[in-house]
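Trainee: No sequence on hand, only this structure:
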């Protein structure tokens, strides 16, 4: 710890107590990772000038503390290994948890899972209740089972720390690289979510919507999924033209579509409208300013044959605007299309492993060939799936 004699602290407290004390101070926010020097820690543990690659990964408190028992003859070396892993791991998580500019968590419901490619079961809507005369039996209702399947993937990166970074006390650079590792891991998750919500991969056969285990385009342009406003909609012919996002009337038109064309899928009885209030409008960065001006305007103007009339914004406080450059990057008409609905009700993120960090387990060729002291691995295992089609509407924003 900077400003203190780390060697004296290690010698007076012992390795295990030093580690416990450091973790307590970090957890209580009395110290931050930036208050520690990897050089001073390495020097106190007598692993300078010959720094060695780490031999064990972090295995939780029990495994870490076992390395630090005073009966362990390599306790000083192990202290450097365990303490460095703790500090770098915290910096990776700090970079990952910095959510500035990220919208992914507003688009999905996180569902912890222990299985991959699992079934998320549901049932078709039952018929509504019927009047029951006195003494007569209730009418039996039928249903048809339905489900969607999930798909997950493992994502990760390895960060190598060279001997020079520690020997020349470049603690700040080590922490910066660790934070960058966490940040880019979070960015990859963000991109996966945004591209999943926009169904950007369906053209290459990677589907986010898999009803009954079979992949399908989420936003069917023939309107059959009741979530497409735009060219080619043969199901709802009153909504078969592009609707560029220009002013509040465009949002009103899509809300009208959702109120009249989005219906449940009950098997017996007549299908009825689905109550699915829109909470968010999702747009590419190219439409961010337009969307915010529509949503945040205090007043709007109505123009008719009788003249103009100013009224309060009918969408004031009703919608929130989300935008992402991962929509713009899709190019073509995608950077003018926009989305309206309640995304968390339609999309889930099945999380098998949350973000994890590890130190390398054994000596590697990199240690000898490139003087690599530490190798840190960060990873997660998860994926996005659409569980329904009714809650988000895609709007064709420009005519082809």
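Mentor: Cool, the structure landed. Quick caveat: nothing in here was measured; it's all calculated off a predicted structure.
Trainee: Residue 89 sits in which helix or strand?
Mentor: Using DSSP states H and E, residue 89 maps to helix 75-97.
Trainee: so what does that helix touch, helix or strand wise?
Mentor: helix 15-27, helix 38-44, helix 60-67, helix 171-197, strand 347-359, strand 372-386 (3 or more C-beta pairs under 8 Å, 6 or more residues apart in numbering; DSSP states H and E). Heads up, the C-betas are built off the backbone N, CA and C, glycines and all.
Trainee: Going by mean pLDDT, which of these comes out lowest?
Mentor: Out of those, the stretch the model trusts least by mean pLDDT is helix 60-67, with a mean of 48.
Trainee: So for the residue positioned nearest the centre of the chain, what's the pLDDT?
Mentor: For the chain, residue 104 is the residue whose C-alpha lies nearest the centre (C-alpha atoms, centre = their mean; 4.3 Å). On the pLDDT scale, residue 104 is placed at 96.
Trainee: you'd agree it is up against residue 190?
Mentor: Yes. The criterion here is C-beta atoms under 8 Å, and residue 104 meets it with residue 190 at 4.5 Å.
Trainee: Report the separation between the closest residue to residue 263 other than its chain neighbours and residue 115.
Mentor: With C-beta to C-beta, 6 or more residues apart in numbering as the measure, residue 271 is the residue that lies nearest to residue 263, at 4.2 Å, once sequence neighbours are left out. According to C-beta to C-beta, to the nearest Å, residue 271 and residue 115 sit 33 Å apart.
Trainee: now swap in residue 160 and tell me
Mentor: Noted for residue 160: a distance of 33 Å to residue 115, by C-beta to C-beta.
Trainee: burial of residue 41, as a residue count?
Mentor: 24 (other C-beta atoms under 10 Å).
Trainee: Now for the residue nearest to the centre of the chain: which residues touch it?
Mentor: Contacts here follow C-beta atoms under 8 Å, 6 or more residues apart in numbering; on that basis residue 104 touches 189-190, 193-194, 349.
Trainee: So which of residue 271 and residue 115 has more stuff around it?
Mentor: Neighbour totals were compared for residue 271 and residue 115, and residue 271 leads with 14 against 10 (other C-beta under 10 Å).
Trainee: in terms of contact, does that one touch residue 265 like I think?
Mentor: Yes. Checked against C-beta under 8 Å, the pair residue 271 and residue 265 is within contact range at 6.7 Å.
Trainee: Residue 312: neighbouring residues, count only.
Mentor: Look at residue 312: counted by other C-beta under 10 Å, it has 10 neighbours.
Trainee: Look up how far residue 247 lies from it.
Mentor: According to C-beta to C-beta, residue 312 stands 15 Å off from residue 247.
Trainee: Next: residue 279.
Mentor: When residue 279 is compared with residue 247 (using C-beta to C-beta), they lie 20 Å apart.
Trainee: Just want to know which of the two has more residues nearby.
Mentor: More neighbours sit around residue 279 than around the other of residue 279 and residue 247, counting by other C-beta under 10 Å; the figures are 17 against 14.
Trainee: Contact partners for that one?
Mentor: Residue 279 makes contact with 319-320, 341-343, according to C-beta under 8 Å, 6+ apart.
Trainee: quick one on the thing from earlier: can you redo the contacts of residue 104 as a markdown table with neighbour count and distance to residue 243?
Mentor: As requested, the contacts of residue 104 are exported to a markdown table (neighbours: other C-beta atoms under 10 Å; distance: C-beta to C-beta, whole Å):
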| residue | neighbour count | distance to residue 243 |
| --- | --- | --- |
| 189 | 22 | 31 |
| 190 | 20 | 27 |
| 193 | 26 | 25 |
| 194 | 25 | 21 |
| 349 | 24 | 29 |
